[in-house]
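Trainee: The following block contains a protein sequence and its predicted model.
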Amino acid sequence: MEIVSIAVSKKKGERKTQVNKAELIKEHGLQGDAHAGTWHRQISFLSYENIEKAQKKGLDVTFGDFAENIATTGIDWKHIPIGTKVKLGETAIVEITQIGKKCHSKCAIYYQAGDCIMPREGVFARVLKSGAISCGDTIEFQEKA
């Protein structure tokens, strides 16, 4: 289980740009990302396996195209219980706060990518402990809150 992509965007509702490393800020989110702030969806996760499924369906998508902040391997995020604490890299700790989301209208991502899997497959978290994260960092599950 590891981080395979980190992505940020300046505006909500658009594809994110990949970066090799980033800083998670306690009770804020991913530094420089439009979704960061004082709320329960500071960062988002999506598994590479789900991105790969979308590619196999013929969608021309890659990391960041579904507006996910962190893509991982080896984790089926939608089955991780709310309240679970997750250690990312050496020091950062996040808590899962929401599984999936309602998508009231088809956003720009839907029209650009042909589908948006975040409402079905993504999860959201808030940052409990700051820390630097990089592609290739390991992910460790801790106790449920």
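Mentor: Done, it's in.
Trainee: in the chain, which ranges drop under the pLDDT threshold?
Mentor: Across the chain, the ranges flagged by pLDDT under 70 are 101-119, 143-145.
Trainee: One more pass at 50, please.
Mentor: Judged by pLDDT under 50, the chain has its weakly predicted residues at 145.
Trainee: What is the lengthiest helix in it packed up against?
Mentor: Selection of the longest helix in the chain by residue count, based on DSSP state H, yields helix 48-56. Helices and strands touching helix 48-56, by 3 or more C-beta pairs under 8 Å, 6 or more residues apart in numbering; DSSP states H and E, are strand 70-73. From N, CA and C alone the C-beta is placed, and that goes for glycine too.
Trainee: Could you list the paired strands of the helix or strand just after the strand it packs on along with their orientation?
Mentor: Later in the chain than strand 70-73, the nearest helix or strand by DSSP states H and E is strand 84-88. With DSSP bridges as the test, strand 84-88 is paired with strand 92-99 (antiparallel), strand 139-144 (antiparallel).
Trainee: Is the most far-flung residue of the chain relative to its centre in a helix, a strand, or coil?
Mentor: Ranked by distance from the centre of the chain (C-alpha atoms, centre = their mean), the top residue is Gly58, with 22.2 Å. The assignment at Gly58 comes out as coil when based on DSSP: H, G, I helix; E, B strand; the rest coil.
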